[in-house]
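1. Here's a sequence, model it:
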Amino acid sequence: MVEKGMKVARRTRDDVITPDVDVLLGDTIGEMGLYLRLTEIAFVGRSLTGEGGQNPLEPAMLGCAVLAGPKVGNFRESYQRLVRSGSARIVRDAEMLAKAVHFLMTNDLARHKMIDAGMESMQEMRGALMATVKGLEPYINPLTVKAKLEPRAARRG
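-> Below you'll find the model as predicted:
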């Protein structure tokens with residue numbers, strides 16, 4: 001990026017972020033929410049050359065168009081859902097990534113369609129815990145009743 005004339009700020013170096021910074025390299029742990037709130041386009045790492053990729057749900061939930069490489073096996077179902085909804089795109093290499101970023105940076109409508117699709121997908125996914133608990137109720141309830149009916153001594157025993 002630097003060789004292309006872009007100004008890069010790196011978090012671990014405590015580089016100052018000024019209006020002329022083109023790229024903020026968020027290379028710390030525990031601050032992803034901050035980075036994602038500073039942008040509308042997120043490339044999710046460990047997916048071009050790494051193994052398995054990182055979770056795409058947080059960037060989608062925080063209003064980012066999501067880009068990732070093809071190596072997303074750790075989160076395959078999440079990526080499939082986001083790609084189907086139009087909120088994520090899989091790129092095959094660095095050149096395709098650069099073209100996708102350029103396209104999204106210069107096309108507000110496409111970028112905002114991806115962002116809106118991601119927010120909608122995240123809304124649809126909410127409530128999974130309650131749906132799981134409800135699905136398990138027929139199996140859990142008889143165990144709960146049985147435990148309440150058994151004398152305490154028999155349970156210890």
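2. Isn't Phe43 up against Cys64?
-> No. Look at Phe43 against Cys64 with C-beta atoms under 8 Å: they stay out of range, at 9.5 Å. To be clear about C-beta, it is placed using only N, CA and C from the backbone, and glycine gets the same treatment.
3. who has more neighbours, the two?
-> Between Phe43 and Cys64, counted using other C-beta atoms under 10 Å, the more crowded position is Cys64 (28 against 19).
4. Who does Ile41 form a beta bridge with?
-> Ala65 (DSSP bridges).
5. quick one: the residue positioned nearest the centre of the chain from Gly86, how far?
-> Note on the chain: the residue nearest the mean C-alpha position is Pro56, at 2.0 Å, using C-alpha atoms, centre = their mean. Applying C-beta to C-beta, to the nearest Å, the value for Pro56 to Gly86 is 13 Å.
6. got any ranges where the protein has weak pLDDT?
-> Counting by pLDDT under 70, the chain contains low-confidence residues at 1, 151-157.
7. can you give me how far the longest helix seen in the chain is from the chain middle?
-> Counting by DSSP state H, the longest helix found in the chain is helix 128-149. The chain centre lies 31 Å from the centre of helix 128-149; the measure is C-alpha atoms, centre = their mean, to the nearest Å.
8. With only the CA atoms kept, save that helix in PDB.
-> Extracted as PDB, the C-alpha positions of helix 128-149 are listed here (Å, rounded to 0.1, in the frame of the first residue of the first chain):
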ATOM      1  CA  ALA A 128     -31.300 -18.100  17.900                       C
ATOM      2  CA  LEU A 129     -30.800 -18.900  21.600                       C
ATOM      3  CA  MET A 130     -34.500 -18.600  22.400                       C
ATOM      4  CA  ALA A 131     -35.400 -20.700  19.400                       C
ATOM      5  CA  THR A 132     -32.900 -23.400  20.600                       C
ATOM      6  CA  VAL A 133     -34.300 -23.400  24.100                       C
ATOM      7  CA  LYS A 134     -37.800 -23.600  22.800                       C
ATOM      8  CA  GLY A 135     -36.900 -26.500  20.600                       C
ATOM      9  CA  LEU A 136     -35.300 -28.300  23.600                       C
ATOM     10  CA  GLU A 137     -38.300 -27.700  25.900                       C
ATOM     11  CA  PRO A 138     -40.000 -31.100  25.100                       C
ATOM     12  CA  TYR A 139     -36.800 -32.900  26.200                       C
ATOM     13  CA  ILE A 140     -35.900 -30.600  29.200                       C
ATOM     14  CA  ASN A 141     -39.300 -30.300  30.800                       C
ATOM     15  CA  PRO A 142     -39.700 -34.100  31.600                       C
ATOM     16  CA  LEU A 143     -36.200 -34.100  33.200                       C
ATOM     17  CA  THR A 144     -37.100 -31.000  35.300                       C
ATOM     18  CA  VAL A 145     -40.400 -32.600  36.500                       C
ATOM     19  CA  LYS A 146     -38.600 -35.900  37.200                       C
ATOM     20  CA  ALA A 147     -35.900 -34.100  39.200                       C
ATOM     21  CA  LYS A 148     -38.500 -32.200  41.300                       C
ATOM     22  CA  LEU A 149     -40.400 -35.400  42.000                       C
END
